[in-house]
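*Asks:* one predicted model, sequence on top.
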Amino acid sequence: MMFEFLNIMKHELLLCFLLFFILIAKIGSKEENSPSWHVMINLLLLINFLLGFCYNVDGELFNGMFVINDLVHLEKNILNLGLLLISLQAHPYTRNHHHAPEFYMLLISSVLGMFFMLSSGHLLLFYIGLELSTIPLAALANFNLNKSNSSEAGMKMIMSSAFSSALLLMGVSLIYGTTGSFSFGEITLQLTGSPLQIFAFVMLFVGFAFKLSMVPFHFWTADVYEGAPVSIAAFLSVVSKSAIAFVFVTVLYSVFESLVSTWYILLFITAVLTIGVGNLFALRQQNIKRFLAFSSIAQIGFILVGISGGSQESETSVIYFLLIYVFSNLGAFGVVTLVSAQTGKESINDYKGFYKRNPGLSWIMTISLFSLAGIPPTAGFFGKFFLLTAGASTGNYLLISFAAINMVVSMYYYLRIVKAMFMDPNEQPIPPILSGLFPGIAFVICLLGIILTGFSSDLYTYIHSLSSGI
């Protein structure tokens, strides 16, 4: 019985072990920021990622409040991969920071909350996981303690999270009032589509919209990305968004399946607004972090198009795209992390002539941007192709056409960065950047993921075999 419990909560218990280990190491060590300490942390995160593939079992605990299956195992492994890559890329930043142990503890605590969200079969456990994942992020956004814009980012993160949580809790309370249960299974059986239940669902949807930065609930995103450390902006863009998207798909497809006509309309409207606004604002950004913020908003719009299909292919395409998104976005953010840590430059104009002194990093950034734009033969092309194909299953070709046109628009602002690096002159280009061992390993993993994932039909087939759709 105990062995089964340990297996079912394996991912969460491993992260708890990491948290206690870092805490004890911080208390007992006088050199908590030594090179060997960083090697140990990244080694433990690698072991945590590899153990995520071992001894996986299906089951549930606490009367169905905690549920685990093969698909959830896969989603948690994707988040563990993102955590490992961000830790490797953050080394140039954390090695010079006086609070590196706290950085990792907050990061792992946030992922722990995401794991509880993914395994939740109960609205209260979902909300506890949501808050556990969000509160550490507000502290991390304010981790540049000597910068005022970092404090602003932390405050905006707190305020937007509090507002979105209030709306989400209002929806939760109304759902409980109309169904008499917090359990996902019971809620599904008690849904009648009454006006009050639809209103409750809309409140729940708005809560998710804030967390995913759907338009018009996206206003906090660019400011928080700009003020936060680059590694935290990457974490928000990749790991946090992926976790919320995974849960969002589960809630729509499994819990609110009977309200499909309502949430399809909401998805249609928010997808159009999110893609359009994300692209338009990305066109005019000069700060590289704000640019990537609006890029991530536009990417969420494409994910919404895939979700709107409501089929097994839709769920498969979303998970497949998010895996590709981890490699693509972290490849771009990794370059920005190095440049910011060693030069402090974060403007797009600073990247003019970048190729002259940093050809390797220029090509990494280019391949990552090509994948984000959906340019073949990178994996991003296949990811967006499957999203649009899944969205087309509903027969709404107007939405698909709009998304396809905006894919062409997005190529302009992604190629603008490539043009700046390779073609635009600069009398004082960024000096040579030393990547180091840890970021170098992360770059290799990202490049292999971008190149190989798109051609791996077995991976897509495996995800398809785990997903269910409606």
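*Replies:* It's in. Keep in mind it's a predicted model, so treat the numbers as computed, not measured.
*Asks:* going forward, measure contacts and count neighbours with C-alpha atoms only.
*Replies:* Fine.
*Asks:* list the contacts for residue 149?
*Replies:* 226-228 (Cα atoms under 8 Å, 6 or more residues apart in numbering).
*Asks:* top of the residues you listed by neighbour count?
*Replies:* For these, neighbours were counted using other Cα atoms under 10 Å, and residue 228 has the most, 29 neighbours in all.
*Asks:* so where's the stretch 201-350 of the chain shaky on pLDDT?
*Replies:* Within the stretch 201-350 of the chain, no range satisfies pLDDT under 70.
*Asks:* residue 352 versus residue 425, what's the distance?
*Replies:* Residue 425 sits at a distance of 6 Å from residue 352 (criterion: Cα to Cα, to the nearest Å).
*Asks:* give the buried residues for the host helix or strand of residue 150.
*Replies:* For residue 150, the host element (DSSP states H and E) is helix 148-179. Within helix 148-179, the residues scored as buried using 16 or more other Cα atoms under 10 Å are 149-158, 160-161, 164-165, 167-176, 178-179.
*Asks:* after that helix comes which helix or strand?
*Replies:* helix 184-190.
*Asks:* and that next one, which residues are buried?
*Replies:* Buried residues in helix 184-190, counted by 16+ other Cα under 10 Å: 184, 187-188.
*Asks:* from residue 114, how far off is residue 324?
*Replies:* Distance from residue 324 to residue 114, by Cα to Cα: 19 Å.
*Asks:* again but with residue 213, I slipped
*Replies:* Remark: distance between residue 213 and residue 114 (Cα to Cα) = 17 Å.
*Asks:* can you give me the helices for the stretch 301-450 of the chain?
*Replies:* 312-343, 354-357, 359-373, 379-391, 397-422, 437-452 (DSSP state H, counting those that start in this stretch).
*Asks:* dump those to JSON lines, plus mean neighbour count.
*Replies:* Converted to JSON lines, the helices of the stretch 301-450 of the chain look like this (neighbours: other Cα atoms under 10 Å):
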{"stretch": "helix 312-343", "mean neighbour count": "25"}
{"stretch": "helix 354-357", "mean neighbour count": "20"}
{"stretch": "helix 359-373", "mean neighbour count": "22"}
{"stretch": "helix 379-391", "mean neighbour count": "25"}
{"stretch": "helix 397-422", "mean neighbour count": "18"}
{"stretch": "helix 437-452", "mean neighbour count": "19"}
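*Asks:* what mean pLDDT does stretch 59-74 get?
*Replies:* Average pLDDT, stretch 59-74: 88.
*Asks:* more neighbours: which of residue 425 and residue 352?
*Replies:* residue 352 (23 against 14).
*Asks:* for the closest residue to residue 181 other than its chain neighbours, give me its contacts.
*Replies:* Spatially, and ignoring its direct neighbours in sequence, residue 181 is nearest to residue 187 (6.2 Å; Cα to Cα, 6 or more residues apart in numbering). Residues in contact with residue 187, defined by Cα under 8 Å, 6+ apart, are 175, 179-181, 255.
*Asks:* hmm, back to that, which one's more surrounded, residue 213 and residue 114?
*Replies:* Neighbours per residue, other Cα under 10 Å: of residue 213 and residue 114, the larger number sits with residue 114, 30 against 25.
*Asks:* which SS class is that one?
*Replies:* Classification of residue 114 by DSSP: H, G, I helix; E, B strand; the rest coil places it in helix.
*Asks:* same deal with residue 145?
*Replies:* The local conformation at residue 145, judged by three-state DSSP, is coil.
*Asks:* pLDDT score assigned to the closest residue in space to it that isn't next to it in sequence?
*Replies:* Nearest residue to residue 145, sequence neighbours excluded (Cα to Cα, 6+ apart): residue 151, at 7.2 Å. Here the pLDDT value assigned to residue 151 is 83.
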